[in-house]
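S.K.: can you look at this prediction? I've put the sequence above it.
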Amino acid sequence: MKDSDRKYHVVAYQLADGVLELKTLNTDLVPGTLTSSAELVKAIQANLANPELFKDPGKFRKVAKE
């Protein structure tokens with residue numbers, strides 16, 4: 001598969017007190033038009049200090065079986 005045909009989903013996660021929080025990569029900072037994984041890594045590294053790098057948190061909790 002060509003690198004340009006690959007699709008990436010980049011998330012940040014945190015697990016605390018039984019709750020998993022996932023945040024998705026902010027495509028306003030890291031555009032979806034990048035053409036290689038190397039460009040993706042470079043764009044993420046350039047924004048690591050930016051608190052807006054990840055957004056739209058989703059929270060998940062394990063449900064106890066009955």
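M.R.: Arrived safely, thanks for sending. Numbers count the residues shown, from 1 in each chain.
S.K.: can we go C-alpha only for contacts and neighbour counts from here?
M.R.: OK.
S.K.: distance between the ends of stretch 12-21?
M.R.: 8 Å (Cα to Cα, to the nearest Å).
S.K.: swap that for stretch 37-54, please
M.R.: 18 Å.
S.K.: the residue nearest the centre of the chain pairs with what?
M.R.: Residue closest to the mean C-alpha point of the chain, counted by Cα atoms, centre = their mean, is residue 11 at 2.1 Å. Listed by DSSP bridges, the beta-bridge partners for residue 11 are residue 24.
S.K.: so it versus residue 57, what's the distance?
M.R.: Taking Cα to Cα, one finds residue 11 at 10 Å from residue 57.
S.K.: what sits in contact with each of the two?
M.R.: 22-24 (Cα atoms under 8 Å, 6 or more residues apart in numbering).
S.K.: so what's residue 4 scoring on pLDDT?
M.R.: Looking at residue 4, its pLDDT is 64.
S.K.: same deal with residue 7?
M.R.: 75.
S.K.: so what would you say the end-to-end distance of stretch 46-62 is?
M.R.: End-to-end distance for stretch 46-62: 35 Å, by Cα to Cα.
S.K.: where does pLDDT dip in the chain?
M.R.: Low-confidence segments of the chain, defined by pLDDT under 70: 3-4.
S.K.: for it, which segments count as helices?
M.R.: 37-46 (DSSP state H).
S.K.: mind listing the strands for it?
M.R.: According to DSSP state E, the chain carries its strands in the segments 11-16, 19-25, 54-61.
S.K.: closest to residue 33 out of those?
M.R.: Of all those, strand 19-25 sits nearest to residue 33, with 13.5 Å by Cα to Cα.
S.K.: sorry, back to before: tabulate the shared contacts of residue 11 and residue 57 (a markdown table), appending neighbour count and distance to residue 1.
M.R.: Below are these laid out as a markdown table (neighbours: other Cα atoms under 10 Å; distance: Cα to Cα, whole Å):
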| residue | neighbour count | distance to residue 1 |
| --- | --- | --- |
| 22 | 19 | 28 |
| 23 | 17 | 27 |
| 24 | 16 | 25 |
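S.K.: between those residues, which sits nearest residue 64?
M.R.: Distance to residue 64 across the shared contacts of residue 11 and residue 57 (Cα to Cα) is lowest for residue 22, with 20.4 Å.
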